[in-house]
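Peer 1: Sequence and predicted structure below; questions after.
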Number of protein chains: 4
Amino acid sequence: MNYQDALIAAYNQVKDIDDKGKVASYIPELAKVDPNIFAVHLTQVNSENFGLGNYQEKFSIQSIAKVFSLCLAYKLLGEKIWNRLGVEPSGNGFNSLVQLETDNGIPRNPFINAGALVIMDILMSNLKNPKEDLLDFIRSLSKDSNINYSSAISKSEKTYGYRNIALCNFIKSFGNIENEPNDVLDFYFNLCSLEASCEDLSKLFLFLANNGKTQDGKEILNLSESKRMNALMQTCGFYDESGEFAFKVGLAGKSGVGGGTIAIHPNQYAIAVWSPPLNEKGNSYKGLRLLENFTTLSQRSIF
Amino acid sequence: MNYQDALIAAYNQVKDIDDKGKVASYIPELAKVDPNIFAVHLTQVNSENFGLGNYQEKFSIQSIAKVFSLCLAYKLLGEKIWNRLGVEPSGNGFNSLVQLETDNGIPRNPFINAGALVIMDILMSNLKNPKEDLLDFIRSLSKDSNINYSSAISKSEKTYGYRNIALCNFIKSFGNIENEPNDVLDFYFNLCSLEASCEDLSKLFLFLANNGKTQDGKEILNLSESKRMNALMQTCGFYDESGEFAFKVGLAGKSGVGGGTIAIHPNQYAIAVWSPPLNEKGNSYKGLRLLENFTTLSQRSIF
Amino acid sequence: MNYQDALIAAYNQVKDIDDKGKVASYIPELAKVDPNIFAVHLTQVNSENFGLGNYQEKFSIQSIAKVFSLCLAYKLLGEKIWNRLGVEPSGNGFNSLVQLETDNGIPRNPFINAGALVIMDILMSNLKNPKEDLLDFIRSLSKDSNINYSSAISKSEKTYGYRNIALCNFIKSFGNIENEPNDVLDFYFNLCSLEASCEDLSKLFLFLANNGKTQDGKEILNLSESKRMNALMQTCGFYDESGEFAFKVGLAGKSGVGGGTIAIHPNQYAIAVWSPPLNEKGNSYKGLRLLENFTTLSQRSIF
Amino acid sequence: MNYQDALIAAYNQVKDIDDKGKVASYIPELAKVDPNIFAVHLTQVNSENFGLGNYQEKFSIQSIAKVFSLCLAYKLLGEKIWNRLGVEPSGNGFNSLVQLETDNGIPRNPFINAGALVIMDILMSNLKNPKEDLLDFIRSLSKDSNINYSSAISKSEKTYGYRNIALCNFIKSFGNIENEPNDVLDFYFNLCSLEASCEDLSKLFLFLANNGKTQDGKEILNLSESKRMNALMQTCGFYDESGEFAFKVGLAGKSGVGGGTIAIHPNQYAIAVWSPPLNEKGNSYKGLRLLENFTTLSQRSIF
């Protein structure tokens, strides 16, 4: 089946299933989202693209944004960022502190909260205007992007972010945060507040399906770096459900607690799905089902 | 660079590097292997194949054999084997008991020792003559294979296998082993004693690069099962270095403490390397370097 | 209130309370005990003694016996036994393997199963006829004792003892067991099978209330060793309920899954209680309540 | 040997030993203390008292103060404080976050940092002027006490207290802190900054050796509460060296990273020692040795 047919079929298969997920409610701004929203957008390296549902509606992309901050840090500093954090699946939940204690403050990978905080710290030490510079970088990934921070979300995250405050100060106590924890957290909560639509996301992420180059041909990462970024998303992008995602979907990807999911098939496409209710691992219940059915129907995955 | 040129170049780059690994010595049979052996063999889906070094010399493939036992169990029982174990990277060493305690005896994945023991238990409950039937299955993967158990190795493993005895009895205490632990362990130690050459291995594993079919066209696993097997090797095949392997090499694969490594590029090839000295994570030091350089030079990985 | 009055009052207070405990059922021999049995016996250093309920009926003393094996090892080898295990509360359940992994096979204390196994190993390496010599030692603690092993119990423990087999082989894998695990386990299962009545126990343990000397004045341990043995029971005698026991009862003591509990008030008395149903920490529900009420009513504890 | 002779002898035995400890240096104020200071003061329930070395020099009592805050919370709210934290030894270091994650934010006991923070939170919710009221309470324990907070120390603790900030926010994330973490931490850092001399401490703590009553006969805690407080110090007062302390010293007690140690022999005395260098568990190297030798020479401990 071709991609468009496969996507329509998968969308319809999953659309009305009994959604066993629950919308994230740790901040009021996320809790009030309509749980029935179900949107998807596919952008191919050959520039064909296709969307279903509210694919132009912006939502809180949350941890999906961690891929952007990581890419910028990687682009700026190269392999030496790995002195500060690892590239291994953690085998634990996204906000666990346990491993940090045995690993002396070195996060297992950049996609668990601990690792994302270290990346923010690296960016702060290397950018003049961290918030603006990061936003400029993200916007440069796709020419028609108007992605932006949400001050309502970032404020709310800050108010209820005790676990992240704990994480950041814990890492600082091991010496693996250079800047003041409060400043790092402020930057981090801004990152998590970014809003984009499925269409935006699939376009912004296309460079990772395109060997590091945007649709305009601008090199964001080189071939090797681009492949490594996909490998990281593959092994660590879905917290302690990453193995399951690789097993059932077979793509590189990243999820966010806003219910968004991005997935990459190198040399083929980037696809973004949005369905707010989350399964117990914190990933979108219907989003993952859609991607599973889509790769099954299109009979193509990276394996 | 084409595969043959890339392989020759990578082999020569790595051949004489300072090997920081150490040969496994927990059993005398492994300790006496020549640490300087360095062999590799590539078999492509188009039937071209190519070897360097002692690629026809048999060695103890150890945990690489866990892919065979898993494939047979998966073929026999399908997805229901996942009621007994998971598909997630463990984030811990290959013989850790810690997670089993919190996970009530359900191993995280089939490639850590705990998971492999559960797979052996499944096979014992479903095969008439487990040892013979498993060997027959493996031999059927490649027409000219004369792979065999080594009684010297299996006996030695049994004598020094306290950690594995502990693991098996621990899982049994949670009710996730059906047969007598001693029998399961005996079968397991036999599995680990299998001997094959790099050439044998790259041919035996070709079906996983060939969408589940052997070179003769016999279907071992269906398309979806074959992809899932590769996904599992990708996320869990190198213990707590799986992320690193995905990041640097970008192939699905599996290592063994005998110093062997198998790697799969779906739709392209299976490659087997053998270099006995292991890094601190228990994977072949030079084997991994060779594969990293090979995929860099050939500019192709699954990402 | 004097001891006898306090004991009668406490016994009556607790006798008919709603017992929220459950009889241990991991081996059939323990499961078939009458849950309503409630016996207690007090022996004072001044030789007065007093019992209530079935205090002359023998029962499976289980882990209480670990104090005997430890005393003998301590008597034989002195402080050097602490090279093999610690004296710290574990903060975990009695049969946990987690800490052993981080502590490289050194058990936290002699009363968790791991530590008791190491003590058995020490005794095996230092006694000619371990089983007989240990029994002789125990019998020597009180002149009219006819304490004995139960072959039915030890056989049953062996049959269902997967967790202990796991523990022993795990410790062996770290090199902290000298003898063959199967032999150590056999000795251990015998230890756990010892049977005695409350009267027997309070007399056998009197030496620990009497600065190391039996009622006949024979020195089993010297003053310092005797105090240290009590300190150990105080901090580690009730698994992860040891703090609670010290907090509420304020005596040194040790429990067993057969529902028995021994407690020591140095310079005053040894008291043994038996009530089979266990609370969720594996200690006798009514036994602990009786001791709490008894020390409250007698207004005396070691604090 | 009587207490005075035993104390002189023990002091002289330990005075010039090779001190293997290291002065705490995580804040500059502690690092600049003279490592050779060695002071001790004993106050008996019969009012006799006796000191050696700089026993009237004030020092930073640090975690010893956690006994005061706990006593006040216990006095105010009674047993219901145990809904918020436990009474079990933790088996981990004093500032570990690991157990909190598995125990859902319920600290194991009031003497690890996590538990002390919860106690501060309880006090804040129940006192009008927390800092002043707590200081008044402490001063009321001994008539000639002029114990006080040190603003230099508390400020320094705040500046370097990332681990404690992490702990407090982590517990807050589980809902087991009612007040704002920053306020609780401010109160906590003040508590840790309290300064007193050995003489002050042995007098302030005498009520715990005197069944809850001060030397003037004022009841601070009732008999049962006083015994329970001692039990807690016994099982949890020295972090993961509590078992060792009970084993070798046999008293209830509490240590602080300033090098101070208080120990209680119920119905006999309170003793305070000060020697700044700490062993690897964070307890005073010479302080513990002095107490061990003292109880050995006086031939009296609670066991």
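Peer 2: Received the coordinates, thanks.
Peer 1: could you point out where the stretch 51-200 of chain A is predicted with low confidence?
Peer 2: Within the stretch 51-200 of chain A, the ranges that satisfy pLDDT under 70 run A:94.
Peer 1: what does it put close to chain B?
Peer 2: Counting by C-beta under 8 Å from any C-beta of the partner chain, the positions of the stretch 51-200 of chain A adjacent to chain B are A:86-92, A:99, A:108-109. The way it works is simple: take the backbone N, C-alpha and C, and place the C-beta from them, glycine included.
Peer 1: For chain D, give me its nearest residue in the stretch 201-303 of chain A.
Peer 2: A:D240 (13.9 Å; C-beta to the nearest C-beta).
Peer 1: And for that residue, the neighbour number?
Peer 2: 23 (other C-beta atoms under 10 Å in any protein chain shown).
Peer 1: That one: what's it in contact with?
Peer 2: A:89-94, A:281, B:88 (C-beta atoms under 8 Å, 6 or more residues apart in numbering or on different chains).
Peer 1: any idea which helix or strand carries A:L42?
Peer 2: Using DSSP states H and E, A:L42 falls within strand A:39-44.
Peer 1: so what secondary structure elements neighbour that strand?
Peer 2: helix A:3-15, strand A:49-52, helix A:198-204, strand A:269-274 (3 or more C-beta pairs under 8 Å, 6 or more residues apart in numbering or on different chains; DSSP states H and E).
Peer 1: If we use 10 Å, what do you get?
Peer 2: helix A:3-15, strand A:49-52, helix A:198-204, helix A:206-209, strand A:260-265, strand A:269-274, helix A:285-298 (3 or more C-beta pairs under 10 Å, 6 or more residues apart in numbering or on different chains; DSSP states H and E).
Peer 1: what about that strand, average pLDDT?
Peer 2: For strand A:39-44, mean pLDDT is 98.
Peer 1: Not counting sequence-adjacent ones, nearest residue to the most centrally placed residue in chain A?
Peer 2: By C-alpha atoms, centre = their mean, the mean C-alpha position of chain A lies nearest to A:I64, the distance being 1.8 Å. Counting by C-beta to C-beta, 6 or more residues apart in numbering or on different chains, A:I64 lies nearest to A:G256, which is 4.3 Å off, once chain neighbours are set aside.
Peer 1: Verify the stated contact: that neighbour with A:F68.
Peer 2: No. If you go by C-beta atoms under 10 Å, A:G256 and A:F68 don't touch, sitting 11.7 Å apart.
Peer 1: Name the residues contacting each of these two.
Peer 2: A:61, A:194 (C-beta atoms under 10 Å, 6 or more residues apart in numbering or on different chains).
Peer 1: Between the two, which has more neighbouring residues?
Peer 2: Neighbours per residue (other C-beta under 10 Å) separate A:G256 from A:F68, with A:G256 holding more: 27 against 22.
Peer 1: Could you tell me which residues make contact with the residue of chain A found nearest chain C?
Peer 2: The minimum distance from chain A to chain C, using C-beta to the nearest C-beta, falls at A:T102 (8.0 Å). When contacts are counted by C-beta under 10 Å, 6+ apart, A:T102 is found next to C:102, D:98.
Peer 1: hmm, back to that, got the residues of the stretch 51-200 of chain A next to chain B as CSV, with distance to chain C, neighbour count and secondary structure columns?
Peer 2: Output for these, formatted as CSV (distance: C-beta to the nearest C-beta, whole Å; neighbours: other C-beta atoms under 10 Å in any protein chain shown; DSSP: H, G, I helix; E, B strand; the rest coil):
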residue, distance to chain C, neighbour count, secondary structure
A:G86, 20, 21, coil
A:V87, 24, 23, coil
A:E88, 18, 27, coil
A:P89, 20, 31, coil
A:S90, 18, 27, coil
A:G91, 15, 22, coil
A:N92, 15, 18, coil
A:Q99, 13, 20, helix
A:R108, 18, 25, coil
A:N109, 22, 24, coil
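Peer 1: The residues you listed into a markdown table, with extra columns for distance to C:N2?
Peer 2: As requested, these are arranged in a markdown table below (distance: C-beta to C-beta, whole Å):
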| residue | distance to C:N2 |
| --- | --- |
| A:G86 | 66 |
| A:V87 | 70 |
| A:E88 | 65 |
| A:P89 | 65 |
| A:S90 | 60 |
| A:G91 | 59 |
| A:N92 | 56 |
| A:Q99 | 56 |
| A:R108 | 62 |
| A:N109 | 66 |
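Peer 1: near chain D, which residues of chain A?
Peer 2: Contact residues, chain A versus chain D (C-beta under 10 Å from any C-beta of the partner chain): A:26, A:92-93, A:95-102, A:160-175, A:177, A:181-182.
Peer 1: wait, doesn't A:T43 sit right on A:A263?
Peer 2: No. Counting by C-beta under 10 Å, A:T43 stays clear of A:A263, with 11.6 Å between them.
Peer 1: which residues do the two both contact?
Peer 2: Joint contacts of A:T43 and A:A263 (C-beta under 10 Å, 6+ apart) are A:202, A:205, A:209, A:269-272.
Peer 1: wait, isn't A:N179 in contact with A:I171?
Peer 2: No. Contact criterion C-beta under 10 Å: A:N179 and A:I171 do not qualify, at 11.3 Å.
Peer 1: Show me which of the two is the more surrounded one.
Peer 2: It is A:I171, of A:N179 and A:I171, that has more neighbours when counted by other C-beta under 10 Å, with 28 against 18.
Peer 1: residue contacts, that one?
Peer 2: So A:I171 contacts A:84-85, A:97, A:100, A:104-107, A:114-115, A:117-118, A:121, A:177, A:181, A:184, D:162, D:166 (C-beta under 10 Å, 6+ apart).
Peer 1: let's see 7 Å
Peer 2: Neighbouring residues of A:I171 by C-beta atoms under 7 Å, 6 or more residues apart in numbering or on different chains: A:100, A:105, A:114, A:117-118, A:177.
Peer 1: State the distance from it to A:N164.
Peer 2: 11 Å (C-beta to C-beta, to the nearest Å).
Peer 1: Can you give the distance from stretch A:44-59 to the centre of its chain?
Peer 2: 17 Å (C-alpha atoms, centre = their mean, to the nearest Å).
Peer 1: That stretch: end-to-end distance?
Peer 2: From its first residue to its last, stretch A:44-59 covers 22 Å (C-alpha to C-alpha, to the nearest Å).
Peer 1: what comes up buried for it?
Peer 2: For stretch A:44-59, the neighbour count (16 or more other C-beta atoms under 10 Å in any protein chain shown) marks A:44-45, A:49-55, A:58-59 as buried.
Peer 1: again, but for stretch A:26-34
Peer 2: Buried residues in stretch A:26-34, defined by neighbour count with 16+ other C-beta under 10 Å: A:27, A:29-30, A:33.
Peer 1: What average pLDDT does that stretch get?
Peer 2: 91.
Peer 1: Now chain A against chain B: closest residue?
Peer 2: A:G91 (2.4 Å).
Peer 1: List the residues that contact the spatially closest residue to that residue that is not a sequence neighbour.
Peer 2: Setting aside the residues directly before and after it, A:G91 is nearest to B:G91 in space (C-beta to C-beta, 6+ apart), at 2.4 Å. B:G91 is in contact with A:88-92, A:108, B:240, counting by C-beta under 7 Å, 6+ apart.
Peer 1: With distance to chain C as added columns, please give the helices and strands packed on strand A:39-44 in CSV.
Peer 2: Shown next, in CSV, are the helices and strands packed on strand A:39-44 (distance: least, C-beta to the nearest C-beta, whole Å):
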stretch, distance to chain C
helix A:3-15, 40
strand A:49-52, 48
helix A:198-204, 41
helix A:206-209, 38
strand A:260-265, 34
strand A:269-274, 39
helix A:285-298, 32
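Peer 1: My guess is A:I302 contacts A:H265. True?
Peer 2: Yes. With contact defined as C-beta atoms under 7 Å, A:I302 reaches A:H265; the gap is 6.4 Å.
Peer 1: hey, what's in contact with both of the two?
Peer 2: A:L251.
Peer 1: show me what contacts the residue lying closest to A:K15 once chain neighbours are set aside?
Peer 2: Among residues not flanking A:K15 along the chain, A:F38 sits closest, at 6.0 Å (C-beta to C-beta, 6+ apart). Residues counted as contacts of A:F38 (C-beta under 7 Å, 6+ apart) are A:15, A:53, A:275, A:286.
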